[in-house]
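Trainee: When you get a sec, could you give me coordinates for this:
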Amino acid sequence: MAEPVTIARPYAEAVFKLAREQKALAAWSDALADLDAVIADARVKSVITDPNVSTQKLEGLVLGVIGENFDASVAKEARNFVQVLVQNGRLDVTSQIRELYENLKREQEGVLEAHVISALPISDEQVKTLVAGLETKFKRRITTKVDVDPQLIGGVKIVVGDKVIDATVRGRLDAMAATLTH
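Mentor: As a prediction, the model looks like this:
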């Protein structure tokens, strides 16, 4: 069976292409966020996996919950997109579609996302300083997601795309252990 991200990729690329043509990247981003929020609800998930629920009822449920939340500029196409996902039994990959779409959108806008994992909470000022350094290093605009992981003991780990900057005590200890065992 194919990985969910493999299944989601053509849908994300199709939505991205449409959003670019419509000059509605932000509106589609919002539409996918709304759809993802509905699909993430436990009650909706149970209906999606219920084989006794027809595609028409499932489509009506999802579109009924979303209601008029879609931006008017993309509402018709967004409703059609939901219908395609329901008919193809692909509502379960909505979060992957959204994630892939957001990656394509950031790439189009020349933006990279940095995932910052710190042993201790870091202030907004520290994040701004860190972002400024990353923007200089990568020569692109950077958005951040910050998480705290006390198991790092101290320091910070930064993941930007496939690049990892590990300045944590845990990372140094692991590197030392690897050196000592080889």
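Trainee: Would you map the strands across this protein?
Mentor: Under the criterion DSSP state E, the chain carries strands at the ranges 111-118, 141-148, 155-160, 163-168.
Trainee: Listing partners with orientation, what would you give for the second one?
Mentor: In this case it means strand 141-148. strand 111-118 (parallel) (DSSP bridges).
Trainee: Identify all contacting residues around the partner strand.
Mentor: Strand 111-118 has contacts (C-beta atoms under 8 Å, 6 or more residues apart in numbering) with 106, 122, 127, 130-131, 134, 138, 140-149, 152, 155-161, 168. C-beta coordinates here come from the backbone N, C-alpha and C atoms, glycine included.
Trainee: Quick check: mean pLDDT of that strand?
Mentor: Here strand 111-118 scores 90 as its mean pLDDT.
Trainee: Tell me what angle that strand forms with strand 155-160.
Mentor: With axes from the mean of the first three to the mean of the last three C-alpha atoms, to 10 degrees defining the directions, strand 111-118 sits at 160 degrees from strand 155-160.
Trainee: How far away from the center of its chain is strand 111-118?
Mentor: 13 Å (C-alpha atoms, centre = their mean, to the nearest Å).
Trainee: Could you do stretch 98-114 as well?
Mentor: With C-alpha atoms, centre = their mean, you get 9 Å for stretch 98-114.
Trainee: Can you lay out the strands of the chain as CSV showing mean neighbour count and distance to residue 101?
Mentor: Output for the strands of the chain, formatted as CSV (neighbours: other C-beta atoms under 10 Å; distance: least, C-beta to C-beta, whole Å):
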stretch, mean neighbour count, distance to residue 101
strand 111-118, 18, 13
strand 141-148, 13, 15
strand 155-160, 18, 19
strand 163-168, 14, 22
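Trainee: could you dump those strands to a markdown table with distance to residue 15?
Mentor: Formatted as a markdown table, those follow (distance: least, C-beta to C-beta, whole Å):
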| stretch | distance to residue 15 |
| --- | --- |
| strand 111-118 | 18 |
| strand 141-148 | 20 |
| strand 155-160 | 25 |
| strand 163-168 | 27 |
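Trainee: Quickly list the domain ranges of the chain.
Mentor: Using automatic domain parsing, the domain parsing of the chain gives 4-107, 112-181.
Trainee: now, of these, which is deepest in the fold?
Mentor: Most buried of these by mean neighbour count (mean count of other C-beta atoms under 10 Å) is domain 4-107; its value is a mean of 16.
Trainee: Taking the centroid of the chain, which residue is nearest it?
Mentor: The residue lying closest to the centre of the chain (C-alpha atoms, centre = their mean) is residue 99, at 3.1 Å.
Trainee: how close does that residue get to residue 130?
Mentor: Residue 99 is 23 Å from residue 130, where distance means C-beta to C-beta, to the nearest Å.
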